[in-house]
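*Asks:* After the sequence you'll find the predicted model.
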Amino acid sequence: MNIRIGQGYDVHAFGDGDHVMLGGVCVPHERGVLAHSDGDVVLHALCDAMLGALALGDIGVHFPPSDPQWRGADSRALVRHCDRLIRARGWRVGNADVTVVCERPKVGPHAPAMRERIAEDLGVDIDAISVKATTSEKLGFTGRSEGIAAMAVCLLVRA
Ligand SMILES: Nc1ccn([C@@H]2O[C@H](COP(=O)(O)O)[C@@H](O)[C@H]2O)c(=O)n1
Ligand SMILES: C[C@@]1(CO)OP(=O)(O)OP(=O)(O)OC[C@H]1O
């Protein structure tokens, strides 16, 4: 088989703070997120998609919330770790597509920088990485601005 596909999903509740980390980019916001790491839902969903593509478990398995090593961790390090795992097995990311769900912050203006950072961490062309966003039309927990969610799909190809 020459391709594998994985999907990931992550949610973090809003809490005190003045920014959210999204796709490795510090996005100013009137709330932060509650998390063990930096709470980057884009990168966590992406990690789960990469791990899922090779049935390697999920980020909770590889980066346990009980491990102090990951307290406040830069999630870009988690992405690079997942990339090393898949490359060690002869795979690389072919392309990935992430959707962020929140009313605010506005993600669109930051998407190019997120794509750039993710592409850099995965060693792929920026055209292989997509970051999109949608509101949930004020419905549900994202609609009430209680938290932020992200979904990712990732295709792996032979390295
Ligand atoms: N947090 C968000 C949410 C949405 N966008 C952009 O706005 C467009 C319209 O969103 P709807 O939910 O009303 O369809 C969406 O397609 C995104 O381009 C955003 O940047 N940040
Ligand atoms: C990333 C990890 C690292 O301990 O913690 P959190 O930042 O809380 O994020 P979550 O999306 O709940 O994933 C679990 C953990 O792997």
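*Replies:* Nice, thanks for sending it over. Residues are numbered from 1 along each chain as shown. Ligands and ions are numbered 1, 2, ... in the order given.

*Asks:* Those residues of this protein touching ligand 2, which are they?
*Replies:* 10, 35-37, 39, 44, 59-60, 63, 65, 70 (Cβ under 6 Å from any ligand atom). All C-beta atoms are positioned from the backbone trio N, CA, C, and that covers glycine.

*Asks:* Of those, grab the buried ones for PyMOL.
*Replies:* What follows is the PyMOL syntax selecting those of the residues of the chain next to ligand 2 that are buried according to 16 or more other Cβ atoms under 10 Å:
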select buried, resi 10+35+36+37+39+44+59+63+70
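
*Asks:* need the residues of the chain next to ligand 2 in TSV with pLDDT and distance to residue 90, can you?
*Replies:* Below are those laid out as TSV (pLDDT from 0 to 100; distance: Cβ to Cβ, whole Å):
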residue	pLDDT	distance to residue 90
10	98	27
35	97	32
36	95	31
37	96	28
39	98	32
44	98	25
59	97	22
60	97	25
63	97	23
65	90	30
70	91	27
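
*Asks:* Of the residues of the chain next to ligand 2, which is the nearest to residue 121?
*Replies:* Nearest to residue 121 among the residues of the chain next to ligand 2, counting by Cβ to Cβ, is residue 44 at 13.6 Å.

*Asks:* three-state assignment of that closest one?
*Replies:* Three-state call for residue 44 (DSSP: H, G, I helix; E, B strand; the rest coil): helix.
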